[in-house]
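# Next input, structure requested:
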Amino acid sequence: MRTAAGCWWCKRQVGASRRCTKSAVYWAATAALRAKGAGPTLVVSPLLALMRDQIAAAERAGLRAATVNSTNVEEWGEVLADLRSGQTDVLLISPERLSNPSFAAQLPELLGQCGLLVIDEAHCVSDWGFDFRPDYQRLTRTLLALAPGTPVLATTATANQRVTADVARQLGEDTVTLRGSLARSSLRLAVVPHLRPLERYAWVAEALRSLPGSGIVYVLTVAETERVAGFLLEQGLEVAAYSGQTTNRVELEDRLRDNTIKALVATSALGMGYDKPDLAFCVHLGSPASPVAYYQQVGRAGRALEDAHAILVRPSRTSGSGTTSPRPGFPTTSRSSGSWTRWATRCRAWRDSRQRRGSGAAVWRRC
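Below you'll find the predicted structure:
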C-alpha cells in the first residue's frame, strides 16, 4: 500500500486510497464510524499550529471539529458540552492538557464516548524518534490505559524500522502495522557541495529567482533566519524570517500558503504539521541533525505537484560543519562589519562572474 502517510498502526484496519494524506485516513474513518452511530474521534496532536490545519481539513471533509488547548481555555465548557451532545465529530487535544486537573478528571468519560482514538505524529512517542517528546509519550500511554476497548489509529510520515517497531510495541500485541513507501516521486533531490559563505548567499539568491513557485529556505539557527532573510530582501526578493521566536507566525504561514511571498527563511519550527500541498521547493543551508529530520522537512514539498525541488547546500570544508550541529559556516554580523550592503555588493560581483563563465543559477541543475 502506498500513501503519503509513511506508517500507520491500528487495532482495526482502516483502508486508504493510494494518494491520500494520513489525515484523510482518520477523517474517512471518522465519517464511516459516525455514520454507523459510533462516538466522536479524539485526535491527540503535538502542535497547536498542526491543530489549526487539522480543524480546517476536517471541516472540508464535512466533519464538525473542535479543539481543547491552552489558547482557548474560556471555550472548554462549550466545546465539551457540544461533544457530549453529539454535535462534534472530532476533538483535538494537545499533550499538555493531561497536566490540567480539571481536564484530566474528564478524560475517562470522554474516552468512554469515543469511537476512535488517533495518535498523530506517532514518531513523537518513540524513544528512537527524531522528535521524541516524553510528555507526548506519557499522554499516549495514559489514553491507551483508560480506553482499552477503543480502536486506536497511530499515524506518522516519519518513521524508520526501529521507530515503527517501537510504536507498535507501545500500542500492544494486537496492533496491525501498515507501512507505505518513503519514496516521493515528485521530489527532485540535489546537493550543491562545498561553497564558501559568500557563494552560498549568492547561490540562494539566484536559485530563488530561478525556482518556480514558493517554498522554504531552512537554516540551523534563529540568528541565521534574520541574516539570510536580510540579505535576500536586499536582493529584491520577497522573503521573511521565521522561527520559534517569530510573533506573526500564523500570518507568515498564510502568506506562504497563498503564494504572496517567495520563501520563508526558517528554522525547524516550520516543519511538522505545516500543510501547503503546492510547496515547490525546500532549500537547506546546512544539514539537519539526522537524515530522518531532513526527510521530514523536505516532505513539506511536492505533495500536490508533479515536480518539486529539495536542495541541500553544503558548506566548504573550511567554512564550518553544518552537518550534525548548528555551525553552517555563515559569516557573523561582526564579520560583515555591520553592513549588508557590502555583503550584497560582493555577492552580486561573485554572481556576475559566475554567470559570465556560464554557471551561476544553473549550478543546482547539475547536482
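# quick one: contacts for the residue most central in space within the chain?
By CA atoms, centre = their mean, the mean C-alpha position of the chain lies nearest to residue 272, the distance being 1.9 Å. By CB atoms under 8 Å, 6 or more residues apart in numbering, the contact list for residue 272 reads 46, 47, 50, 121, 131, 158, 296. Yep, even glycine has a C-beta here, placed from its N, CA and C like the rest.
# just these now: which is nearest residue 67?
Distance to residue 67, by CB to CB, is smallest for residue 50 among the contacts of residue 272, at 10.5 Å.
# so that closest one is in which element?
If you go by DSSP states H and E, residue 50 is part of helix 48-60.
# Quick one: list the elements packing against whichever helix or strand comes after that helix.
Next along the chain after helix 48-60, taking DSSP H and E as the criterion, comes strand 65-68. Helices and strands touching strand 65-68, by 3 or more CB pairs under 8 Å, 6 or more residues apart in numbering; DSSP states H and E, are helix 48-60, helix 76-84, strand 90-93.
# Please identify the buried residues of the first one?
Spelled out, that is helix 48-60. The neighbour-count check on helix 48-60 (16 or more other CB atoms under 10 Å) flags 48, 49, 50, 51, 52, 53, 54, 55, 57, 58 as buried.
# Serialize the residues you listed to CSV and add fields for distance to residue 289 and pLDDT.
Listed next are those as CSV, based on distance: CB to CB, whole Å; pLDDT from 0 to 100:
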residue, distance to residue 289, pLDDT
48, 23, 70
49, 21, 66
50, 21, 73
51, 25, 79
52, 26, 77
53, 25, 78
54, 26, 82
55, 30, 85
57, 29, 83
58, 32, 88
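# Dump those residues to a markdown table, plus distance to residue 113.
As requested, the buried residues of helix 48-60 are exported to a markdown table (distance: CB to CB, whole Å):
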| residue | distance to residue 113 |
| --- | --- |
| 48 | 24 |
| 49 | 27 |
| 50 | 23 |
| 51 | 20 |
| 52 | 24 |
| 53 | 25 |
| 54 | 20 |
| 55 | 19 |
| 57 | 22 |
| 58 | 18 |
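# closest to residue 313 among those residues?
Set against residue 313, the nearest of those by CB to CB is residue 49 (26.2 Å).
# What ranges does the stretch 1-150 of the chain have for its helices?
Applying DSSP state H, counting those that start in this stretch to the stretch 1-150 of the chain gives helices spanning 22-35, 48-60, 76-84, 101-113, 134-146.
# Just the residues contacting the helix holding residue 50, thanks.
Residues outside helix 48-60 that contact it (CB under 8 Å, 6+ apart) are 23, 27, 30, 43, 45, 64-67, 69-71, 89-90, 92, 94, 120-121, 249-250, 253, 272-275.
# residues near the nearest residue to residue 244 once chain neighbours are set aside, how many?
Leaving aside its sequence neighbours, residue 244 sits nearest to residue 269 (CB to CB, 6 or more residues apart in numbering; 4.3 Å). Residue 269 has 17 neighbours, counted by other CB atoms under 10 Å.
# How about residue 176?
Counted with other CB under 10 Å, residue 176 comes out at 13.
# in the sheet, who's paired with it?
Beta-bridge partners of residue 176, counted by DSSP bridges, are residue 10.
# hey, where'd the strands end up in the protein?
Secondary structure of the chain by DSSP state E: the strands cover 7-10, 41-44, 65-68, 90-93, 116-119, 152-156, 176-179, 187-195, 215-218, 239-242, 263-266, 281-285, 308-315.
# could the ones you listed be laid out in JSON lines, adding distance to residue 126?
Conversion of the strands of the chain to JSON lines gives the following (distance: least, CB to CB, whole Å):
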{"stretch": "strand 7-10", "distance to residue 126": "11"}
{"stretch": "strand 41-44", "distance to residue 126": "14"}
{"stretch": "strand 65-68", "distance to residue 126": "24"}
{"stretch": "strand 90-93", "distance to residue 126": "20"}
{"stretch": "strand 116-119", "distance to residue 126": "11"}
{"stretch": "strand 152-156", "distance to residue 126": "9"}
{"stretch": "strand 176-179", "distance to residue 126": "13"}
{"stretch": "strand 187-195", "distance to residue 126": "24"}
{"stretch": "strand 215-218", "distance to residue 126": "23"}
{"stretch": "strand 239-242", "distance to residue 126": "27"}
{"stretch": "strand 263-266", "distance to residue 126": "25"}
{"stretch": "strand 281-285", "distance to residue 126": "24"}
{"stretch": "strand 308-315", "distance to residue 126": "24"}
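# Save those strands as TSV, and put in mean pLDDT too.
Formatted as TSV, those follow (pLDDT from 0 to 100):
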stretch	mean pLDDT
strand 7-10	57
strand 41-44	90
strand 65-68	90
strand 90-93	90
strand 116-119	90
strand 152-156	88
strand 176-179	86
strand 187-195	88
strand 215-218	96
strand 239-242	97
strand 263-266	96
strand 281-285	95
strand 308-315	90
